[in-house]
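Chemist: Have a look; sequence and predicted model below, questions after that.
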Amino acid sequence: MENVTAVRRVPPYRPRPAWYWLAFVAALVSATPARAQQAIISLPSADQTPAGKHFFMHETQMSALAPRVDWGATHFYTYGLSDRVELAVTLYNLTTPTTNNLSLGVGFKAAQRLFGAQFPDRELQFTYGAMLVPSLQGEGIGSWSYGLLSARVPRADTRLSVGGGYGSRQIFDKAAASAMLGLEQPLPGHFVLVAEWFSGRHNTSNFIAGLLYHTDAWIFVGGYKMPNDAAKRRGIVFEIGRFF
């Protein structure tokens, strides 16, 4: 959504435990800096669009098993005002079957580093943002706001995020507050293991885990979602994004 700081410093190489290598088997290539992504999957990332850069991403969520195909898409665009503030425009709720609540969010995301001088490698940060979300189908004007604390785990380089947010029915299927958790684990090469969770029973209340692949210009994410509500359908998630 709205959904890594531009190009982060690569930490010194440290030997990985056996479970790490079993988690992902790939060609043995050296790690490279990860390009910033604006969301872990749907949950806002701690990273910002670099100053003066544009970013566009398409996200598909789909459940294709009988008795019907459910498909939903989110499209978002960001522009980096600085390395700490970005503007964001997001198209929500383009779905089949339709929800009759296609909405357009307009807002910002910002980041504030905490204790950077004392703990530079931990990347302790507070990320926050807000959007006005007018319905494009006559359902009024809503909002979305959130705040997240994030930091990297020593040695493993895992980034963990925890926070909360509130969204109106123009973004969710009902007004709701949610706790939010996120995980980003760098892997060899251009890969990152990602996972996120939203609490509650609205249409974004899912646990999603997947794999992110990045180049200097492109980001690809594939994942699988499991709703908190057992009555809702599981499905696949795919994202493709580009900097320009």
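Modeler: Sure, I can see it.
Chemist: Beta-bridge partners for residue 218, please?
Modeler: Counting by DSSP bridges, residue 218 forms beta bridges with residue 242.
Chemist: Could you tell me how many residues sit around it?
Modeler: By the measure other Cβ atoms under 10 Å, the count of residues near residue 218 is 13. For the C-beta atoms, the positions are set from N, CA and C on the backbone; glycine is no exception.
Chemist: Relative to residue 221, how far out is residue 115?
Modeler: Using Cβ to Cβ, to the nearest Å, we find residue 115 at a distance of 30 Å from residue 221.
Chemist: In terms of neighbours, single out the busier of these two.
Modeler: residue 221 (23 against 11).
Chemist: That one belongs to a strand?
Modeler: Yes: counting by DSSP: H, G, I helix; E, B strand; the rest coil, residue 221 is part of a strand.
Chemist: That one touches residue 237, doesn't it?
Modeler: Yes: with contact defined as Cβ atoms under 8 Å, residue 221 reaches residue 237; the gap is 7.1 Å.
Chemist: what touches both of these two?
Modeler: Overlap of the contact sets of residue 221 and residue 237 (by Cβ atoms under 8 Å, 6 or more residues apart in numbering) consists of 41, 210.
Chemist: Next secondary structure after the lowest-mean-pLDDT helix or strand in the chain?
Modeler: Least confident helix or strand, the chain: helix 18-23 with a mean of 41, by mean pLDDT, DSSP states H and E. Counting by DSSP states H and E, the next helix or strand C-terminal to helix 18-23 is strand 54-63.
Chemist: Low-confidence ranges, this structure, go.
Modeler: 1-37, 66 (pLDDT under 70).
Chemist: Now do the strands in it.
Modeler: Taking DSSP state E as the test, the strands found in the chain are 54-63, 70-80, 85-96, 103-113, 125-134, 141-152, 159-167, 176-186, 191-198, 206-214, 218-227, 235-243.
Chemist: Can you say which of the ones you listed is nearest to residue 46?
Modeler: Among the strands of the chain, strand 141-152 comes nearest to residue 46, with 4.1 Å by Cβ to Cβ.
Chemist: which strands and helices sit next to that closest one?
Modeler: When contacts are defined as 3 or more Cβ pairs under 8 Å, 6 or more residues apart in numbering; DSSP states H and E, strand 141-152 packs onto strand 103-113, strand 125-134, strand 159-167, strand 176-186.
Chemist: closest to residue 244 out of those strands?
Modeler: strand 103-113 (18.6 Å).
Chemist: Now do stretch 46-58: distance to the chain's middle.
Modeler: 12 Å (Cα atoms, centre = their mean, to the nearest Å).
Chemist: What of stretch 69-81?
Modeler: 11 Å.
Chemist: Dump the C-alpha coordinates for that stretch into PDB.
Modeler: Taking C-alpha atoms only, stretch 69-81 is exported to PDB below (Å, rounded to 0.1, in the frame of the first residue of the first chain):
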ATOM      1  CA  VAL A  69     -12.400 -16.600  -8.600                       C
ATOM      2  CA  ASP A  70     -11.800 -13.600  -6.200                       C
ATOM      3  CA  TRP A  71      -9.400 -11.000  -7.600                       C
ATOM      4  CA  GLY A  72      -8.300  -7.700  -6.100                       C
ATOM      5  CA  ALA A  73      -5.700  -5.200  -7.100                       C
ATOM      6  CA  THR A  74      -4.000  -2.200  -5.400                       C
ATOM      7  CA  HIS A  75      -1.900   0.300  -7.400                       C
ATOM      8  CA  PHE A  76       0.300   2.800  -5.700                       C
ATOM      9  CA  TYR A  77       2.700   5.600  -6.700                       C
ATOM     10  CA  THR A  78       5.200   7.400  -4.600                       C
ATOM     11  CA  TYR A  79       7.600  10.400  -5.000                       C
ATOM     12  CA  GLY A  80      10.500  11.100  -2.700                       C
ATOM     13  CA  LEU A  81      10.400  14.700  -1.500                       C
END
